[in-house]
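Asker: make a model of this:
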Amino acid sequence: MISNKGVDALTIFSISNGEQRQEYSWGSMNWLHAPSGSGMGSLGLAIVAIHPESSQETHNHYADEQILYGLEGTTKHLINGREYDLAPGNWLHIPAYANHGIVNDSKLPARFLFVATPVWQPQESIAPTDDNHRVQQDYIQNFLNQTNLQEVQKKFANAIGLGVGLIDSAGVQLTEPDNLSCYCCHCMHFHGGCQLLEVGEHGNFEVEWIRCKYGLVVARLPVKAHGLTIMYVLCGFAFMAQPTKNDLANAYQLAQSSESETEEVLQSYQDVPQITRNRLFSAAELLRVTAFSLADLFLAAAKENELKEYSWRLLQEKQQRTEAEANLQRAKIRLMEAQINPHFLFNTLNTISQSAELQGATTTAELVYSLSGLMRFSLQKTGSFVTLGEELECIDSYLHIQRHRFGERFEFFVDIPNELRGVILPAMTLQPLIENAFIHGFVNLDARNSWLKIVATPQEGKMVRIEIADNGTGIKPEQLDRIRHTFANPDVPPYGTGLQGVYWRLKHYYGLKSNINISSSVDNGTVVTIVIPLSYKPPSFSE
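Answerer: Sure thing, here's the model as predicted:
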């Protein structure tokens, strides 16, 4: 029930019917029935005796109301500043949160029946389930982190005039205790802490009364919300009865061992307040209710915010789905109208590449970026002129994709002097030729390593010779004849951008100043040679 560290110093005790008597300087309380828990109907029933010519100081009542019934003698009761007499056979009602004091100014003892009951105590009826236990604990941790419990505790302790401390469900202090007596401060300084705050595991009780070896008592009540224990309230750090001989002996030993003056420590021990069990329980219960209300409001607000966020996410997802469906429908229409829209493909490739990179698929992202580069070049440069260097950058994006496909089985060589990289030519002139080499030439790469070369050399007459060679499967003679036949009629634009398209565009822009030649044999590769002017000023061009 308690940690081993506190076993020798602490006592957790219960009050059974008819067994508990509390002695005070002003009188005594014999408990006939003491509530062991909280909740409506948790009655406290006791016979209170007031010594002759004695009084109980005025004190505040908290979360309970009381009925007093006179049995013997007459006592005066100060209730919220008004005086009432209680004689045998009469009764008084003391409302909750009242200020109350008792005086017996006669030379005879007085007795009355005391009945107390809580006025309101919230009961937690929601039990945690396995699937929401972790979520509830997250809520609780957020509550503890975001609530200024120290300030709440301080104000409450000052209001009730008792010491107050808070510990979490594992027994760890959440706050520094407030409003402790001077003796508690001496004791904590001597022991390095308060043993009343070192209690570990909590028993199966709604309230526990914990007593230290010096006779001081705290009431410990659990604060629960949504089926889980949030914290424990410890209230009191005072006497509930006159100290026993053992209590006094322990206090005297501490006073002699303390660094402070012995008389000072003993005087502070005598100054420790002495309160009734019912007052202590009511004060602790009021703080428990306050903490519960704060926690319940916080957790309810957290759940409501989470529900709102979830609803908002659902709405956003629904809107995104609706927008995606609309975009898909529009895309289908565009695709049907134009078969393929380069802008749409380019944007889609960028989206795919970004998604792949976010998911850690770096290789996929690189490939898609390369393909996106090809699309950008095609979209922005088609129908225009570029330098030979820019054309090579486009080819490099394409080859980056092919390198991932073929790995070390493929080698690519470029031998183009820097002075020739500024030669102007129609965009997408060399790329289709490189693509043809992969589609038709490198069909079986398992048998041998393959290579592809691009070589540019200056020629007489201010011309440039660009040669694209590979060691692929080559072209069959009959197929090579068909290709050469298509070159015979350059006035008819061919379909597509393949070899025939390259030949047509060269003749269209350069006329007789350009030429294209193909040589190939089966299993020995293919060489495509292009000759264009070294210096050429392209005309303004638009589709």
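Asker: every contact and neighbour count from this point should use C-alpha atoms.
Answerer: Fine.
Asker: now do the strand ranked longest in the chain: which elements does it pack against?
Answerer: Assignment by DSSP state E gives strand 228-239 as the longest strand of the chain. Counting contacts by 3 or more Cα pairs under 8 Å, 6 or more residues apart in numbering; DSSP states H and E, strand 228-239 packs against helix 133-146, strand 163-168, strand 216-225, helix 277-338.
Asker: 7 Å instead, please
Answerer: strand 163-168, strand 216-225, helix 277-338 (3 or more Cα pairs under 7 Å, 6 or more residues apart in numbering; DSSP states H and E).
Asker: okay, these, which one's buried deepest?
Answerer: With neighbours defined as mean count of other Cα atoms under 10 Å, the helices and strands packed on strand 228-239 peak in mean count at strand 216-225, which reaches a mean of 26.
Asker: before we move on, back to that, which of the helices and strands packed on strand 228-239 sits closest to Val522?
Answerer: helix 277-338 (38.8 Å; Cα to Cα).
Asker: pLDDT of that closest one, averaged?
Answerer: Averaged over helix 277-338, pLDDT sits at 74.
Asker: thinking again about what came up before, now do the longest strand of the chain and strand 163-168, the angle between them.
Answerer: Using axes from the mean of the first three to the mean of the last three Cα atoms, to 10 degrees, the inter-axis angle of strand 228-239 relative to strand 163-168 is 150 degrees.
Asker: pLDDT (mean, whole number) over strand 228-239?
Answerer: 84.
Asker: what residues does it touch?
Answerer: Residues external to strand 228-239 that are found in contact with it (Cα atoms under 7 Å, 6 or more residues apart in numbering): 128, 140, 162-169, 180, 215-224, 272-275, 280, 284, 288.
Asker: skip ahead from it and say which helix or strand is next.
Answerer: Next helix or strand after strand 228-239 toward the C-terminus (DSSP states H and E): helix 245-257.
Asker: domains in this structure, by residue range?
Answerer: 4-9+124-302, 11-118, 410-533 (automatic domain parsing).
Asker: for Glu460, which residues are in contact?
Answerer: Contacts of Glu460 by Cα under 7 Å, 6+ apart: none found.
Asker: distance of it from Gln320?
Answerer: Separation of Glu460 from Gln320 (Cα to Cα, to the nearest Å) stands at 62 Å.
Asker: swap in Ala170?
Answerer: With the distance defined as Cα to Cα, Ala170 ends up 45 Å from Gln320.
Asker: what is the neighbour count of the residue lying closest to Glu83 once chain neighbours are set aside?
Answerer: Spatial nearest neighbour of Glu83, excluding adjacent residues (Cα to Cα, 6 or more residues apart in numbering): His77 at 5.6 Å. Neighbour count of His77, defined by other Cα atoms under 10 Å: 22.
Asker: one step back: redo the domains of the chain as a markdown table? Include distance to Tyr398.
Answerer: Listed next are the domains of the chain as a markdown table, based on distance: least, Cα to Cα, whole Å:
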| stretch | distance to Tyr398 |
| --- | --- |
| domain 4-9+124-302 | 51 |
| domain 11-118 | 78 |
| domain 410-533 | 8 |
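Asker: weakest of those domains in terms of mean pLDDT?
Answerer: domain 4-9+124-302 (a mean of 77).
Asker: run the chain-centre distance for that domain.
Answerer: Here domain 4-9+124-302 is found 31 Å from its chain centre; the criterion is Cα atoms, centre = their mean, to the nearest Å.
Asker: not counting sequence-adjacent ones, nearest residue to Val218?
Answerer: Nearest to Val218 is Gly236, by Cα to Cα, 6+ apart, at 4.5 Å.
Asker: how much space separates the one you found from Lys303?
Answerer: Taking Cα to Cα as the measure, Gly236 falls 34 Å from Lys303.
Asker: same question for Asp105.
Answerer: From Asp105 to Lys303 the distance is 58 Å (Cα to Cα).
Asker: likewise Tyr69?
Answerer: 48 Å.
Asker: not counting sequence-adjacent ones, nearest residue to Arg403?
Answerer: Spatial nearest neighbour of Arg403, excluding adjacent residues (Cα to Cα, 6+ apart): Phe410 at 7.0 Å.
Asker: show me the contacts for that neighbour.
Answerer: Phe410 neighbours (Cα under 7 Å, 6+ apart): Arg403, Asn449, Ser450, Trp451.
Asker: select from those residues the one having the most neighbours.
Answerer: Ser450 (20 neighbours).
Asker: check contacts around it.
Answerer: Here Ser450 is in contact with Arg409, Phe410, Glu411, Asn471, Gly472 (Cα under 7 Å, 6+ apart).
Asker: between those residues, which sits nearest Glu419?
Answerer: Glu411 (24.3 Å).
Asker: gap between the spatially closest residue to that closest one that is not a sequence neighbour and His400?
Answerer: Taking Cα to Cα, 6+ apart, and ignoring the residues beside it in sequence, Glu411 has Trp451 as its nearest neighbour in space, at 4.5 Å. Distance, Trp451 to His400, by Cα to Cα: 14 Å.
Asker: once you drop chain neighbours, what's closest to Lys154?
Answerer: Using Cα to Cα, 6+ apart, the closest residue to Lys154 is Asp178 (5.7 Å).
Asker: what helix or strand is the residue nearest to Glu411 located in?
Answerer: Judged by DSSP H and E, Trp451 forms part of strand 450-459.
Asker: report all helices and strands that whichever helix or strand comes after that strand contacts.
Answerer: Next along the chain after strand 450-459, taking DSSP H and E as the criterion, comes strand 463-470. The contact analysis (3+ Cα pairs under 7 Å, 6+ apart) places strand 463-470 against strand 450-459, strand 525-533.
Asker: of all these, which one comes closest to Ala249?
Answerer: strand 450-459 (99.6 Å).
Asker: so what strands line up beside the closest one?
Answerer: Using DSSP bridges, the strands paired with strand 450-459 in its sheet are strand 410-415 (parallel), strand 463-470 (antiparallel).
Asker: show me the one of those strands that comes nearest Asn158.
Answerer: When these are compared (using Cα to Cα), the closest one is strand 410-415, at 84.2 Å.
Asker: chain center to the following helix or strand past that closest one: distance?
Answerer: Next helix or strand after strand 410-415 toward the C-terminus (DSSP H and E): strand 424-426. Distance, stretch centre to chain centre, for strand 424-426: 57 Å (Cα atoms, centre = their mean).
Asker: hmm, who's touching strand 424-426?
Answerer: Strand 424-426 has contacts (Cα under 7 Å, 6+ apart) with Ser384, Phe385, Val386, Thr387, Leu388, Tyr536.
Asker: make it 6 Å
Answerer: With Cα atoms under 6 Å, 6 or more residues apart in numbering as the test, strand 424-426 has contacts from Phe385, Val386, Thr387.
Asker: ok, stretch 525-543 next?
Answerer: Contacts of stretch 525-543 (Cα under 6 Å, 6+ apart): 462-474, 514-520.
Asker: quick check: buried residues in it?
Answerer: Gly525, Thr526, Val527, Val528, Thr529, Ile530, Val531, Ile532, Pro533, Leu534 (16 or more other Cα atoms under 10 Å).
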